[in-house]
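Undergrad: pasting a predicted model and its sequence here:
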There are 2 protein chains.
Amino acid sequence: MSTQQRTGDTIRFSEPPSIVEFGAVGGKKEGQGPLAAQFDLLFEENTFGEETWEKAESRLQRHCLDLTLKKAHCKPEQVNLLLGGDLQNQCTATAYTMRNVDVPFAGLYGACSTMAEAVGLAACFTAGGFADTVAALTSSHFCAAERQFRTPLTYGAKRTPTAQWTATASGCCIVKPQGDGPYVKAVTFGRVRDYEICDINNMGAAMAPAAAETILRYCADTGRTPADFDAVYTGDLGIVGSRLLAELLKKEGVALHNHKDCGLLLYDIDTQEVQAGGSGAGCSASVLAAHVLPMLRRKEHNRVLFLSTGALMSQITFLQGESIPGVAHLLELSSQREG
Amino acid sequence: MSTQQRTGDTIRFSEPPSIVEFGAVGGKKEGQGPLAAQFDLLFEENTFGEETWEKAESRLQRHCLDLTLKKAHCKPEQVNLLLGGDLQNQCTATAYTMRNVDVPFAGLYGACSTMAEAVGLAACFTAGGFADTVAALTSSHFCAAERQFRTPLTYGAKRTPTAQWTATASGCCIVKPQGDGPYVKAVTFGRVRDYEICDINNMGAAMAPAAAETILRYCADTGRTPADFDAVYTGDLGIVGSRLLAELLKKEGVALHNHKDCGLLLYDIDTQEVQAGGSGAGCSASVLAAHVLPMLRRKEHNRVLFLSTGALMSQITFLQGESIPGVAHLLELSSQREG
């Protein structure tokens, strides 16, 4: 195994690991959105047959993990490590999924940035020779998240135009040291940034500075620009955060003409009443697995940057009047191993 | 770089990374306990000069990170990645620490198992050639944890004999690919185990099966037994969980004569009114940094097994009547690089 290359915050793999399989599962609203046909599995009921929203989210994750392993012709006992997380307090959606999955488990918390974090760590873990097969799994559930971060659904609270809609969705990736791709060429783990946004209903604005920071660092580390890629995906800045990201990059002399946001791809914001767009740890995860990776596999994309963005607040920090720190992790993904 | 060895769930490093420096900071009760003299820094007031318990925990972490970096003669800009977490909802203690620390950050959640998870991932990250310097940082705060998981302190709730006392403490380790040790020789990431314990005041019993499982897997993977080590440290099973661990291992034919639990080392349970012992993501972290690693450095220990154990429930899963899943991650630590 040859030596990895690190420049600044960016790790470039000398032998890029492969995301050999991926799967996406969604709920009712996701099944009414523009990406519906690209999901592996959709449910009409967001209970997924369970009694509570919290258990429903674990069930959703389990469906996603099971079908992705099946697609990969991989048995659970062949998975060396599962890296995953969710938005529930103490990440219980994932912990409760894993008590029925007999696989070593390292829990992550990066809010909505968790999928890029998980795939990035999985890529390092496999490229470093520590595992043959690593699974990355995240989810979010609208009803569990609303109660926890804002108010229970039954209160019927009015949503502001800058609010984002937590996706009821899960995404899973199986990462191996070798394979037919798509390939993880590079990873940039992000730094926490706080622009002193205190509005829990404007998370796009809170996360955009972190996304800008990570993109700028990747560009500085590699000498590349967003124009070198077929697309730059972010998850989940929504309308407000996406505009702010373009402005922040423009100020630094970086044009962003090929930007797509997972929160704006998952829903039709004109008709689906999701306000500024989708969000949640399952949003970028499911868009990655349902839309981005398939385009790379079909060679409709050659290479892309993919960032998951996370707002790192809690209900308590919000009630204490704290601002919202953001973080964004970046993956350079390619349809080809070389070049 | 030579190839790593994986057998079963256990990764053995061909070139073991080094924990080049470590630091521990504690609060008032920790400063009255048996390990007080071994802490780097102790505070009389658990507010650490802040207005809220949540901010106090971030301040505690910051003290721990700063002093550990200073001991290591390492500037923040030399740290390639910080892996860390805590018990607060959405891991905000760590996230809010990191908004003032300009270092790439990957958030973890493993409840009280987070320190072994963080050091284990840091060891892989450095041994794999992805970083020169990785920091592992975790904490817990009694007052923040009591309000969140049980009741606010001002309610004056009576504690049961099986309850554990969440440590107000933080531990930090700086991991590098080379160094003078102590060395991380092997890592076993644990599987989630649920023995259907539903008592949130008996977490030792909930976590012991996971600890037993991970120890047994490590033994099966390596052909070693606990008797091959100077000590087997667990964090934080307390009295109840420690007894159960010994029983569970005995049933499998494994004797455990050299077991020490971080939750029982940190406090004098006869005089300090901590019920069954200490717990919290800062408990095993601070005992590792204040006590275990210094003993390895002074060659008073030659080699030890160190496990952090986590109870993966939340207040919501508890109120919904769910049982408590546990997980335990294992580190094989040695004073010497070879052998």
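TA: All right, it came through fine.
Undergrad: going forward, measure contacts between C-alpha atoms and count neighbours the same way
TA: Noted.
Undergrad: run the contact check for stretch A:193-209 versus chain B.
TA: Yes. Contact between stretch A:193-209 and chain B, assessed by Cα under 8 Å from any Cα of the partner chain, occurs at A:193, A:194.
Undergrad: helix/strand/coil for residue A:139?
TA: Secondary structure assignment for residue A:139 (DSSP: H, G, I helix; E, B strand; the rest coil): strand.
Undergrad: what are the contacting residues of the host helix or strand of residue A:310?
TA: Taking DSSP states H and E as the definition, one finds residue A:310 inside strand A:303-311. Applying Cα atoms under 8 Å, 6 or more residues apart in numbering or on different chains, the set of residues contacting strand A:303-311 from outside is A:110-117, A:203, A:206-208, A:210-211, A:226, A:229-237, A:284, A:296, A:324-335.
Undergrad: could you export it as CSV, CA atoms only?
TA: Extracted C-alpha coordinates of strand A:303-311, given in CSV (Å, rounded to 0.1, in the frame of the first residue of the first chain):
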residue,chain,number,x,y,z
ARG,A,303,-16.5,14.0,-11.1
VAL,A,304,-18.2,16.0,-8.5
LEU,A,305,-17.7,17.5,-5.1
PHE,A,306,-20.2,16.4,-2.5
LEU,A,307,-20.6,18.2,0.9
SER,A,308,-22.9,17.5,3.7
THR,A,309,-23.5,20.5,6.0
GLY,A,310,-24.5,20.3,9.6
ALA,A,311,-26.0,22.8,12.1
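Undergrad: that one pairs with which strands?
TA: Note on strand A:303-311: by DSSP bridges, its sheet partners are strand A:231-235 (parallel), strand A:326-334 (antiparallel).
Undergrad: pick the most buried one from these.
TA: Ranked by mean neighbour count, the strands paired with strand A:303-311 are led by strand A:326-334 with a mean of 30 (mean count of other Cα atoms under 10 Å in any protein chain shown).
Undergrad: identify the residues contacting that one?
TA: By Cα under 8 Å, 6+ apart, strand A:326-334 touches A:110, A:113, A:116-117, A:120, A:181-194, A:206-211, A:214-215, A:296, A:301-312.
Undergrad: give me that answer again for 6 Å
TA: A:113, A:116-117, A:182-193, A:206-207, A:210-211, A:302-312 (Cα atoms under 6 Å, 6 or more residues apart in numbering or on different chains).
Undergrad: same question for stretch A:280-298.
TA: With contacts defined as Cα under 6 Å, 6+ apart, stretch A:280-298 is touched by A:22-24, A:38-39, A:86, A:112, A:115, A:138-140, A:166-167, A:169-171, A:182, A:235, A:262, A:301, A:335.
Undergrad: 7 Å instead, please
TA: For stretch A:280-298, the external contacting residues (Cα atoms under 7 Å, 6 or more residues apart in numbering or on different chains) are A:22-25, A:38-39, A:86-87, A:111-115, A:138-140, A:166-172, A:181-182, A:235-236, A:262-263, A:266, A:301-302, A:308, A:334-335.
Undergrad: give me the low-pLDDT residue ranges for chain A?
TA: Within chain A, the ranges that satisfy pLDDT under 70 run A:1-3.
Undergrad: near chain B, which residues of it are found?
TA: With Cα under 7 Å from any Cα of the partner chain as the criterion, chain A meets chain B at residues A:1-4, A:6, A:9, A:11, A:80, A:89-90, A:92, A:95, A:98-99, A:102-110, A:117, A:128-130, A:189-194, A:312-314, A:325.
Undergrad: of those, which belong to helices?
TA: A:92, A:95, A:98, A:117 (DSSP state H).
Undergrad: now residue A:9: closest residue in space, sequence neighbours ignored.
TA: Closest residue to residue A:9 apart from its sequence neighbours, by Cα to Cα, 6 or more residues apart in numbering or on different chains: residue A:188 at 5.7 Å.
Undergrad: so how far is residue A:219 from the closest residue to residue A:25 other than its chain neighbours?
TA: Spatial nearest neighbour of residue A:25, excluding adjacent residues (Cα to Cα, 6+ apart): residue A:41 at 4.8 Å. Going from residue A:41 to residue A:219 by Cα to Cα, to the nearest Å gives 36 Å.
Undergrad: again with residue A:54
TA: Distance from residue A:54 to residue A:219, by Cα to Cα: 39 Å.
Undergrad: of these two, who's got more company?
TA: residue A:54 (22 against 15; other Cα atoms under 10 Å in any protein chain shown).
Undergrad: kindly state the beta-bridge partners for the residue nearest to residue A:259 when sequence neighbours are not counted.
TA: Using Cα to Cα, 6+ apart and skipping residues adjacent in sequence, the residue nearest residue A:259 is residue A:232, 4.8 Å away. Beta-bridge pairing for residue A:232 (DSSP bridges): residue A:259, residue A:305.
Undergrad: circling back to that earlier point, next SSE downstream of the strand holding residue A:310?
TA: Using DSSP H and E, the next helix or strand after strand A:303-311 towards the C-terminus is helix A:315-319.
Undergrad: list the buried residues of that next one.
TA: Residues of helix A:315-319 classed as buried by neighbour count (16 or more other Cα atoms under 10 Å in any protein chain shown): A:316, A:317, A:318.
Undergrad: export those residues to JSON lines and tack on distance to residue B:247?
TA: Converted to JSON lines, those look like this (distance: Cα to Cα, whole Å):
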{"residue": "A:316", "distance to residue B:247": "40"}
{"residue": "A:317", "distance to residue B:247": "42"}
{"residue": "A:318", "distance to residue B:247": "45"}
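Undergrad: quick revisit: now the residue nearest to residue A:25: how far from chain B?
TA: 26 Å (Cα to the nearest Cα, to the nearest Å).
Undergrad: again with residue A:276
TA: 23 Å.
Undergrad: what sits against that residue?
TA: If a contact means Cα under 7 Å, 6+ apart, then residue A:276 has A:161, A:162, A:163, A:164, A:238, A:239, A:240 as its contacts.
Undergrad: out of these, who has the most neighbours?
TA: Going by other Cα under 10 Å, residue A:238 tops those with 31 neighbours.
Undergrad: contacts only, for the residue nearest to that one when sequence neighbours are not counted.
TA: Distances taken as Cα to Cα, 6+ apart place residue A:277 nearest to residue A:238, at 4.6 Å, with adjacent residues excluded. Taking Cα under 7 Å, 6+ apart as the criterion, residue A:277 is in contact with A:164, A:165, A:238, A:239, A:263, A:264, A:267, A:269.
Undergrad: just those: which are in helices?
TA: When those are checked against helices (DSSP H), the matches are A:238, A:239, A:263, A:264.
Undergrad: between those residues, which is nearest residue A:70?
TA: residue A:263 (27.5 Å; Cα to Cα).
Undergrad: give me the buried subset of the contacts of stretch A:280-298.
TA: The neighbour count (16+ other Cα under 10 Å) marks A:22-25, A:38-39, A:86-87, A:111-115, A:138-140, A:166-172, A:181-182, A:235-236, A:262-263, A:266, A:301-302, A:308, A:334-335 as buried among these.
Undergrad: list the residues that contact residue A:176.
TA: By Cα under 7 Å, 6+ apart, the residues touching residue A:176 are A:17, A:18, A:19, A:20, A:126, A:132, A:133, A:134.
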